[in-house]
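Asks: pasting the sequence and the predicted model now:
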Amino acid sequence: MSTTILAESHNSVVTSEAIQQAFRRTEEGFTALVSELWSSRPQIATTGTCCLVGVICRQTLFVASLGDSRAVLGRRVGNTGGMAAMQLSTEHNANIEAVRQELKELHPDDPQIVVLKHGVWRVKGIIQVISGNPATCQILVVGILY
């Protein structure tokens, strides 16, 4: 992923668009791999994956998340040595009520789009991750870092 982000960046400047394009290219590569292996290993199509990227460029932190990952930034609090956690992204998984509702709205004719299985909500009863679609990638620009 890091070389893809660099390839998408222009003049060594990272942008949200470059990160999203890197996610897109990585997804295209994975999809091609699944297509290639489908006949011999069809179970590959039921795997889920996650990606969490943090890039610092010119004192700006970019965080991108896709899948069942959460980015958390630790910040020093005062001069006491204490730390505070700041959540930067949210997971894309079926355990989140808003996510389940969105899936039901997107697939109104499929009563099995989300299924509670062994106490865990899953898409089609298989995986928790709702999307590997780079278009749904959360990209956050945190701002100036010192």
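Replies: All right, it came through fine.

Asks: hey, let's count contacts and neighbours off CA atoms from now on
Replies: Noted.

Asks: after the lowest-mean-pLDDT helix or strand in the chain comes which helix or strand?
Replies: Lowest on mean pLDDT, DSSP states H and E among the helices and strands of the chain sits helix 2-8, with a mean of 56. Under the assignment DSSP states H and E, the closest C-terminal helix or strand after helix 2-8 is helix 16-37.

Asks: which elements pack onto that next one?
Replies: The contact analysis (3 or more Cα pairs under 8 Å, 6 or more residues apart in numbering; DSSP states H and E) places helix 16-37 against helix 2-8, strand 138-144.

Asks: run the last query once more with 7 Å
Replies: With contacts taken as 3 or more Cα pairs under 7 Å, 6 or more residues apart in numbering; DSSP states H and E, helix 16-37 sits against helix 2-8.

Asks: now do the end-to-end distance for stretch 105-121.
Replies: Distance across stretch 105-121, first residue to last, is 16 Å (Cα to Cα, to the nearest Å).

Asks: how distant is it from the center of its chain?
Replies: Offset of stretch 105-121 from its chain centre (Cα atoms, centre = their mean, to the nearest Å): 20 Å.

Asks: give me the buried positions along it.
Replies: For stretch 105-121, the neighbour count (16 or more other Cα atoms under 10 Å) marks 113-115, 121 as buried.

Asks: and of the residues you listed, the nearest to I96?
Replies: Lowest distance from I96 to the buried residues of stretch 105-121 (Cα to Cα) belongs to W121, with 8.5 Å.

Asks: residues contacting V114?
Replies: Contacts for V114 (Cα atoms under 7 Å, 6 or more residues apart in numbering) come out as 100, 121-125.

Asks: just give the nearest non-adjacent residue to it, would you?
Replies: Leaving out its chain neighbours, the residue that sits closest to V114 by Cα to Cα, 6 or more residues apart in numbering is V123, at 4.6 Å.
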